[in-house]
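>>> Got a predicted model here, sequence first, then my questions.
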Amino acid sequence: MLDKIKSFFSDEANSKDLAKERLKLVLIHDRISISPELLDNMKEELLTVVSKYVEVERHELDIDFQEQDDDALALVANIPVKELKRRARK
Amino acid sequence: MAGKVLVITSGKGGVGKTTTTANLGTGLAKLGNKVALIDADIGLRNLDVVMGLENRIVYDIVDVVEGNCRLEQALIKDKRYNSLCLLPAAQTRDKTAVNPDEMAELCSELKEEFDYVIVDSPAGIEQGFKNAIAGADRAIIVTTPEVSAVRDADRIIGMLEAEGIKEPEVIINRIRMDMVKKGNMMDIDDMIEILAIKLLGVVPDDEKIVVSTNTGEPIVLNNNAKSGQAFDNIVRRIIGEEVPLMSLDEGLVNKFKRMIGLA
């Protein structure tokens, strides 16, 4: 009884929004059927390609699917650059 | 006569597929339809118990498929409605005892005799599920307001569409409006938006369902239970009536009772 009164007056944490966000995220991965391992592979290959041109912070590369404001899905890669490589010109 | 085959499925276990099957079947029979229920959960038979028909089983679905008996011999008549029958699952075999072609054949045979054939699918996405959907014209997915159940429902929707079962519909089971109001349970709109699927109905979480399972009397026969009314509404939507979603808000008296711990 006391618990019930307490919980009635206190602001309980709102876990519904967390559930929604987590659900949306797992569904993005489920629907696209790209596993985290596959995403890691993509990350590695991307790094190999990008590193040919610019020096990047390997450990800070972040790549994932994100829902845009218009509900469209985007593959977003954030690749911090250390420095541009000076390429020898002929 | 060509009836319709509905499959009740979910992916996740324990969300209320069997209870839903029993109630939709009983509700459809109550309105005068001829209904056959198929328990496709071979090895984990339960629809007979929920229907209160466990003492009447002589033959089962595997006996029919293997030719040990005729289909009519395996069909058990319901206690309450003459127009309602159950084809029980085998308990001592596994899902491989029946294949999708045999299941489809069974469904099309039953369709000739019955207005509605309802298949209770086992949990999972393996052969038992594939058997269950093999003869289906229409799919009803049962889910609960939990991340795990909705996730599995989403996967099932994808698999059904891949199998050519278009426009599945969803029943959201065990919703608790008190928790939704406090922001601690996903609400109906959230789930429908995420799943992008047609809502067939919402069933409130109800202690009376536990009692009805104890006694083997489907809750749809109890006019005083909210969950029973919810199933009755769903039945009416299945036969094509327009029935608005019922209000799930608890009355002031009940709310007070719950607050002071009486209910």
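The structure has been received and is ready for your questions.
>>> Most proximal residue of chain A with respect to chain B?
In chain A, no residue comes nearer to chain B than A:Asn14, which is 3.8 Å away by Cβ to the nearest Cβ. C-betas here are computed from N, CA, C, even on glycine.
>>> Which parts of chain A are strands?
Shown for chain A, the strands assigned by DSSP state E span residues A:54-56, A:62-67, A:73-78, A:81-84.
>>> Please dump the ones you listed into JSON lines; it should also carry distance to chain B for every row.
Written out in JSON lines, the entries for the strands of chain A read as follows (distance: least, Cβ to the nearest Cβ, whole Å):
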{"stretch": "strand A:54-56", "distance to chain B": "34"}
{"stretch": "strand A:62-67", "distance to chain B": "11"}
{"stretch": "strand A:73-78", "distance to chain B": "13"}
{"stretch": "strand A:81-84", "distance to chain B": "37"}
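>>> Would you single out the least confident of those strands?
Mean pLDDT is lowest for strand A:81-84 among these, at a mean of 76.
>>> Could you tell me how many residues sit around B:Ala149?
Other residues near B:Ala149 number 24, with proximity taken as other Cβ atoms under 10 Å in any protein chain shown.
>>> got a list of what it touches?
Residues near B:Ala149 by Cβ atoms under 8 Å, 6 or more residues apart in numbering or on different chains: B:Ser10, B:Gly11, B:Lys12, B:Val15, B:Thr143.
>>> Near the third one, how many other residues are there?
Applying other Cβ under 10 Å, we find 20 residues neighbouring B:Lys12.
>>> Same check on B:Gln91?
Around B:Gln91 there are 16 other residues, counting by other Cβ under 10 Å.
>>> Contact partners for it?
With contacts defined as Cβ under 8 Å, 6+ apart, B:Gln91 is in contact with B:Gly43, B:Leu44, B:Arg45, B:Asp60.
>>> separation between the last one and B:Pro88?
When Cβ to Cβ, to the nearest Å is applied, the distance between B:Asp60 and B:Pro88 equals 5 Å.
>>> Between the two, tell me which one has more neighbours.
Set side by side, B:Asp60 and B:Pro88 show unequal neighbour counts under other Cβ under 10 Å, the larger going to B:Pro88 at 29 against 24.
>>> which residues are in contact with both of B:Asp60 and B:Pro88?
Listed contacts common to B:Asp60 and B:Pro88 are B:Arg45, B:Ala74; contacts here mean Cβ under 8 Å, 6+ apart.
>>> Give me the residue at the spatial middle of chain A.
Closest to where the C-alpha atoms of chain A average out (Cα atoms, centre = their mean) is A:Asp64, at 3.8 Å.
>>> Would you state the helices of chain B in chain order?
When secondary structure is read from DSSP state H, chain B shows helices at B:17-30, B:47-51, B:61-66, B:71-74, B:100-113, B:127-133, B:147-162, B:177-181, B:188-195, B:207-215, B:226-238, B:252-259.
>>> Of all these, which one comes closest to B:Ala2?
Checking these against B:Ala2 by Cβ to Cβ gives helix B:100-113 as the closest, at 5.6 Å.
>>> so where is the chain shaky, pLDDT-wise?
Answering for chain A, as no chain was given. Counting by pLDDT under 70, chain A has low-confidence residues at A:1-13, A:84-90.
>>> that's the wrong chain, I meant chain B
Residues of chain B that meet the criterion pLDDT under 70 lie in B:1, B:250-263.
>>> how about the residues of it near chain A?
B:146-147, B:150-151, B:154-155, B:158, B:180, B:182-187, B:190, B:194, B:258-261 (Cβ under 8 Å from any Cβ of the partner chain).
>>> ok, now which ones touch B:Thr213?
Taking Cβ under 8 Å, 6+ apart, one finds B:Thr19, B:Val49, B:Val50 in contact with B:Thr213.
>>> what's the longest helix in chain A?
In terms of residue count, the longest helix belonging to chain A (DSSP H) is helix A:15-32.
>>> Who are the packing partners of that one?
Packed against helix A:15-32, as judged by 3 or more Cβ pairs under 8 Å, 6 or more residues apart in numbering or on different chains; DSSP states H and E, are the following elements: strand A:62-67, helix B:147-162, helix B:188-195.
>>> The first one pairs with which strands?
Which is strand A:62-67. Applying DSSP bridges to the sheet, strand A:62-67 is found paired with strand A:73-78 (antiparallel).
>>> contacts for the partner strand?
Residues from elsewhere that reach strand A:73-78, judged by Cβ under 8 Å, 6+ apart: A:Ile28, A:Ile32, A:Leu46, A:Glu60, A:Leu61, A:Asp62, A:Ile63, A:Asp64, A:Phe65, A:Gln66, A:Glu67, A:Gln68.
>>> rerun that using 6 Å as the cut-off
Residues external to strand A:73-78 that are found in contact with it (Cβ atoms under 6 Å, 6 or more residues apart in numbering or on different chains): A:Asp62, A:Ile63, A:Phe65, A:Gln66, A:Gln68.
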